[in-house]
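A.B. asks: starting from these lines, generate the structure:
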Amino acid sequence: MVVLKTRVISLRLPEDHWIWQERDRQSVIRVALDLYRQISDIRDKIDGMNREMDEIKSAINEIKNKLDNMVIAERPAANEQNNIGLFDIDPRLARAKDRLLDI
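C.D. replies: Residues are numbered from 1 along each chain as shown. Modelled structure (predicted):
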């Protein structure tokens, strides 16, 4: 037989507190405490997600800033085909990225 160790909490509440209306106060309090813990865990998860969203926004802004600082070149003439630079960007792509990364 396994004996669970338990502890008791003593708490004073006003006479008109809602808990006195309940028939099975002990189980209602247990459920309320479990809900409290679950809500706390959910808040922690939301805080973590907000931090991750902030990191994603920062990364998007960094990408946007890098793209804004790139040189937008016109298409090279037929005789300059071999000299296409690393930073040559189709102007349509530059306009599309502004719409895509608009935060």
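A.B. asks: and residue 50, how close does it get to residue 56?
C.D. replies: Residue 50 sits at a distance of 11 Å from residue 56 (criterion: CB to CB, to the nearest Å). For glycine as for every other residue, the C-beta is placed from the backbone atoms N, C-alpha and C.
A.B. asks: now swap in residue 28 and tell me
C.D. replies: Residue 28 is 41 Å from residue 56, where distance means CB to CB.
A.B. asks: then residue 11?
C.D. replies: 44 Å.
A.B. asks: what do you get for residue 27?
C.D. replies: Taken as CB to CB, the span from residue 27 to residue 56 is 43 Å.
A.B. asks: of residue 28 and residue 56, give the one with the bigger neighbour count.
C.D. replies: More neighbours surround residue 28 than the other of residue 28 and residue 56, with 14 against 11 (other CB atoms under 10 Å).
A.B. asks: show the backbone phi and psi for the nearest residue to that one once chain neighbours are set aside.
C.D. replies: Excluding its sequence neighbours, the residue lying closest to residue 28 (CB to CB, 6 or more residues apart in numbering) is residue 22, at 4.6 Å. Here is the backbone geometry of residue 22 (degrees, to the nearest 10): phi -80, psi 140.
A.B. asks: residue 22: how many residues sit nearby?
C.D. replies: 11.
A.B. asks: ok, it touching residue 31?
C.D. replies: No. Counting by CB atoms under 8 Å, residue 31 is not a contact partner of residue 22; they are 10.3 Å apart.
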